[in-house]
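*Asks:* one predicted model, sequence on top.
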Amino acid sequence: LAVDEVVANFIIHANSENSDQFLDLNLVLVEHRLDVEIEDHGHNIFAPAIVAPNPDMREYIRQGRKGGMGMALVSRIMDQVEFFERNDHTICHLSKTLS
């Protein structure tokens, strides 16, 4: 779910849904730790602020908002979420310790 959300955000926000753009996905599992690196090759840098891990869902629903909760879910699901830039590409690194 977390990888899907980050990939969707890269496609929509960084690549403007341009089908000529692509992403690289690297998964590494060592012992019980999963590390995922998603690299965007689009022309726009996409580095969202990680939202609070415990947003007020009742207020969100009361306002009738749609969308915008994805990164909050990513923050809750994963142990570590980082966005950074490397060689003019946006990178998202996700880590999770699996039981």
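*Replies:* Perfect, thanks for sending it. This is a predicted model, so every value here is computed, not measured.
*Asks:* for L34, which residues are in contact?
*Replies:* L27, V28, S95, K96, T97, L98 (Cβ atoms under 8 Å, 6 or more residues apart in numbering). For every residue, glycine as well, the C-beta is placed using N, CA and C.
*Asks:* over to it: give its phi and psi.
*Replies:* Backbone geometry at L34, expressed as degrees, to the nearest 10, gives phi -110, psi 120.
*Asks:* what's the most distant pair in the contacts of L34?
*Replies:* L27 and T97 (14.7 Å; Cβ to Cβ).
*Asks:* what is the mean pLDDT for the helix or strand harbouring C92?
*Replies:* Using DSSP states H and E, C92 sits in strand 89-97. Mean pLDDT, computed over strand 89-97, is 94.
*Asks:* buried set for that strand?
*Replies:* H89, T90, I91, C92, H93, L94, K96 (16 or more other Cβ atoms under 10 Å).
*Asks:* closest to A8 among the residues you listed?
*Replies:* For those, the nearest to A8 is C92 (11.7 Å; Cβ to Cβ).
*Asks:* if I pick that closest one, what's in contact with it?
*Replies:* C92 neighbours (Cβ under 8 Å, 6+ apart): V6, F10, E37, I38, D40, V81, E82, F83.
*Asks:* and stretch 87-99, how far from the chain's centre?
*Replies:* Remark: stretch 87-99 is offset 8 Å from the chain centroid, using Cα atoms, centre = their mean, to the nearest Å.
*Asks:* how about stretch 64-77?
*Replies:* On Cα atoms, centre = their mean, the centre of stretch 64-77 falls 10 Å from that of its chain.
*Asks:* now the strands for this protein?
*Replies:* All strands of the chain, identified by DSSP state E, fall at 23-30, 33-40, 80-86, 89-97.
*Asks:* can you put those in a markdown table and add distance to A47?
*Replies:* Formatted as a markdown table, the strands of the chain follow (distance: least, Cβ to Cβ, whole Å):
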| stretch | distance to A47 |
| --- | --- |
| strand 23-30 | 15 |
| strand 33-40 | 10 |
| strand 80-86 | 4 |
| strand 89-97 | 6 |
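*Asks:* P55 is nearest to which of these?
*Replies:* Comparing these by Cβ to Cβ, strand 80-86 comes nearest, at 15.0 Å.
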